[in-house]
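[1] need a 3D model of the sequence below.
(one chain, ligands or ions: 3)
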Amino acid sequence: MAKLLIQGGTVVSATGRTVADVLIDGETIAAVLAPGQAETLGLGAGSDVRVVDASGKYVVPGGVDVHTHMQMPFGGTEASDTFETGTTAAAWGGITTIVDFAVQNTGGSVQDALADWHTKADGNCAIDYAFHQIIGGVDEDSLKAMRYLVDNEGVTSFKLFMAYPGVLYSDDGQILRAMQTANEIGAMVMMHAENGIAIDVLVAQAIARGETDPKYHAFTRPADLEGEATHRAIRLARVAGNVPLYIVHMSASEALEEVAAAQHAGQNVFAETCPQYLYLSIEDQLAQPGFEGAKWVCSTPLRSKHEHHSRDLWKGLRMNELAVVSTDHCPFCFKEQKEMGIGNFAKIPNGIGSVEHRMELLYQGVVNGEISLERWVETCSTTPARMFGLSQKGQLAPGFDADVLVWDPNGHTSIGFEKKHHMNMDHSAWEGFEVDGKVDTVISRGTVVVENDAYVGTKGHGRFVKRGLSEYLR
Ligand code: URP
Ligand code: ZN
Ligand code: ZN
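    Numbering: from 1, shown residues only. Ligands and ions are numbered 1, 2, ... in the order given. As a prediction, the model looks like this:
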């Protein structure tokens, strides 16, 4: 495989930035060279090394999105991106690795669920991918399977649900048992922290009152019930021996406070948020007239812009109380999918599609002064890779996979379905968003997959990556 030299850019890592050239040999980073060194070594223009001109651009590790749901069955339908369309859209947006969730439903076998996910993804992905395992039914078999997956399958993190009773929900006893097992094997527990039993009461009461519009989705999932569940998950994790706990898709200040308190007390608790909780709100999106708001029904829900949630989440990102930004990419079309909930918000499939826009939306946080350029790289690439044992990903250093995003800070990106996004959706939750900066070139394991505003990758280039244990706990 050929050599590639990314020349003249500013290489940005989680800890700093420097003008340097990145030399790729085959699938891995061979060297990060000081300016002029490439010429001394006989590389660069005129040699047989292909040169990517990165002058005036940032050169950063490709994005690592550790929370996606491609082809996920949910709410009587299935997430509309296949592994092919979803990973291609991700590549367009500068993402070079996703970690998707294999789903075990109550009564189903974990190994069968994982095999099913391999079948969906194998040979279809544009970029590399790995899996977490959802445990939707904690019993002797699934606890045994957790050990098997860690030892043999490169699946080292398990998502449990305190929400969705009767579907994916686990009670406190089941959660404790899964946490105890995870603690024994060094695995990470990921938690959907919302009190689903209380939420179901509020939902039934709202429907009985005739409150059926999409906005009631948020009113029946109050921040207190996210805070309460987060608190309970943290305490259960402590009882289970301080098992590493990662709270997913955090939207509420109340939940963030619980995580920060646990961290200050020395507990192994981590958390992520998603772009929708940083930028979108009940008032501006979910409460739009008629059924329009269904586009923004997701769980945890969007919060009120008159409260302090998004401001606190940005602060949490700066302070490292929130370690990661993922997308929770779970796309559904408006026609026929979101429309299943006309007349009853509880039947709207939950999810927003964002995998294509994560890097640009978070870069806008840099432009707006919310986070530094280095923190952008850290929360979108380096930490998610280390958090979930992707030891070859998330850094531009010799020996790492050559997953690279060349980012143009002087570019501009117009987001939306109307702007021909690449996700398999008939609308965009981000329609009309105009952001600074632009994806210039994307390289996946040494292969250019996006350049000159064109996708030049191939289906099946993306490989399954077996993960190790979290690097934060070794
Ligand atoms: O609304 C969401 N988040 N849909 C995907 C399923 C989940 O809970 O992550
Ligand atoms: Zn969830
Ligand atoms: Zn999710």
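
[2] residues of the stretch 101-250 of the chain that sit close to ligand 1?
    The stretch 101-250 of the chain comes close to ligand 1 at residues His192, His249, as judged by Cβ under 6 Å from any ligand atom. Using the backbone N, CA and C atoms, a C-beta is placed for each residue, glycine as well.

[3] OK, contacts around Gly76?
    Met340, Lys347, Pro349 (Cβ atoms under 8 Å, 6 or more residues apart in numbering).

[4] for the first one, helix, strand, or coil?
    The reference is to Met340. helix (DSSP: H, G, I helix; E, B strand; the rest coil).

[5] related to what we said a few turns ago, of the contacts of Gly76 - the most surrounded one?
    Per-residue neighbour counts (other Cβ atoms under 10 Å) across the contacts of Gly76 peak at Pro349, which has 25 neighbours.

[6] helices along the stretch 201-350 of the chain, start to end?
    216-219, 223-239, 253-264, 275-279, 309-319 (DSSP state H, counting those that start in this stretch).

[7] between the contacts of Gly76, which is nearest ligand 1?
    Pro349 (7.9 Å; Cβ to the nearest ligand atom).

[8] how close does that closest one get to Asp65?
    Shown here: Pro349 relative to Asp65, a distance of 20 Å by Cβ to Cβ, to the nearest Å.

[9] who are the contact partners of the residue most central in space within the chain?
    Among the residues of the chain, the one closest to the centroid is Ser326, at 2.7 Å (Cα atoms, centre = their mean). Residues near Ser326 by Cβ under 8 Å, 6+ apart: Asp65, Val66, His67, Thr68, Val248, His249, Glu272, Cys274, Arg358, Pro384.

[10] in what helix or strand does the third one lie?
    Here His67 is covered by strand 63-68, with elements defined by DSSP states H and E.

[11] which element is encountered next along the chain beyond that strand?
    The first helix or strand that comes after strand 63-68 along the chain, using DSSP H and E, is strand 73-74.

[12] what does the average pLDDT come to for that following strand?
    Looking at strand 73-74 alone, the average pLDDT works out to 95.

[13] okay, now the sheet partners of whichever helix or strand comes after that strand, with direction.
    Scanning the chain past strand 73-74 towards its C-terminal end, the next helix or strand to appear is strand 77-78 (assignment: DSSP H and E). Sheet neighbours of strand 77-78, with direction, are listed as strand 73-74 (antiparallel) (DSSP bridges).

[14] distance from the chain centre to the partner strand, please.
    When C-alpha coordinates are averaged (Cα atoms, centre = their mean, to the nearest Å), strand 73-74 and its chain have centres 18 Å apart.

[15] now do stretch 38-45
    Averaging C-alpha positions (Cα atoms, centre = their mean) puts stretch 38-45 38 Å from its chain's average.

[16] got the contact list for that stretch?
    With Cβ under 8 Å, 6+ apart, stretch 38-45 has contacts from Lys3, Leu5, Gln7, Asp21, Leu23, Leu33, Val49, Val51.
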